[in-house]
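J.: need the 3D shape of this:
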Amino acid sequence: EIEMIRATLMDYIEGTANGEPDRLKRAFHPDFKLYTVRGDSAWARSGKRYVSNVKKGRKSNRIGRIIAIDYENNAASAKVEILMPNYGRMYTDYFLLLKYKGSWKIVQKSYTFRPYPVKQ
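T.: Numbering: from 1, shown residues only. As a prediction, this is how the structure comes out:
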């Protein structure tokens, strides 16, 4: 199960980094949502809108790594870090995943970021 979850997370990491929207669609549940905090408010965005911003073949300078995976039966959580040196940010993504019809899908992403010093 861990390897199947890892493969789903890599579809997310590599799909966004390499401009592969079809990999993102494979990783996400169709009703996938993203959540973060803007100012003093919780903010939600649809997964469809997120995927539409990833243009086929357009690579981005993103370096991702899986920090943790935990699962029980058909439910899982995961933590991923995404370094975006062009923006001087390190994003931390927390995912909820469900396994159904034989594969793991990301159903929710909550994220935050912190400044990350970029050496010139």
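J.: now do residue 21 against residue 56, distance only.
T.: 6 Å (CB to CB, to the nearest Å). In this view, the C-beta of every residue, glycine as well, is placed from N, C-alpha and C.
J.: more neighbours, the two?
T.: Higher neighbour count among residue 21 and residue 56: residue 21, with 18 against 9, using other CB atoms under 10 Å.
J.: skipping its backbone neighbours, what lies nearest that one in space?
T.: residue 54 (4.7 Å; CB to CB, 6 or more residues apart in numbering).
J.: give me the number of residues near that neighbour?
T.: Neighbours of residue 54 using other CB under 10 Å come to 19.
J.: how about residue 28?
T.: If we define neighbours as other CB under 10 Å, then residue 28 has 26 of them.
J.: beta partners of it?
T.: residue 106 (DSSP bridges).
J.: which residues does the lowest-mean-pLDDT helix or strand in the chain contact?
T.: The weakest-scoring helix or strand in the chain, judged by mean pLDDT, DSSP states H and E, is helix 47-52 (a mean of 92). Helix 47-52 is touched from outside by 21, 24, 25, 28, 29, 30, 31, 32, 33, 34, with contacts defined as CB atoms under 8 Å, 6 or more residues apart in numbering.
J.: residue 68 against residue 78, yeah?
T.: Yes. The pair residue 68 and residue 78 passes the contact test of CB atoms under 8 Å, sitting 6.5 Å apart.
J.: so the two - more neighbours on which side?
T.: Under the criterion of other CB under 10 Å, the comparison of residue 68 against residue 78 puts residue 78 first, with 23 against 9.
J.: can you tell me the element the more buried one falls in?
T.: strand 75-84 (DSSP states H and E).
J.: output the contacting helices and strands for that strand.
T.: helix 2-17, strand 63-72, strand 89-100 (3 or more CB pairs under 8 Å, 6 or more residues apart in numbering; DSSP states H and E).
J.: strand partners (parallel or antiparallel) of that strand?
T.: Partners of strand 75-84 in its sheet, by DSSP bridges: strand 63-72 (antiparallel), strand 89-100 (antiparallel).
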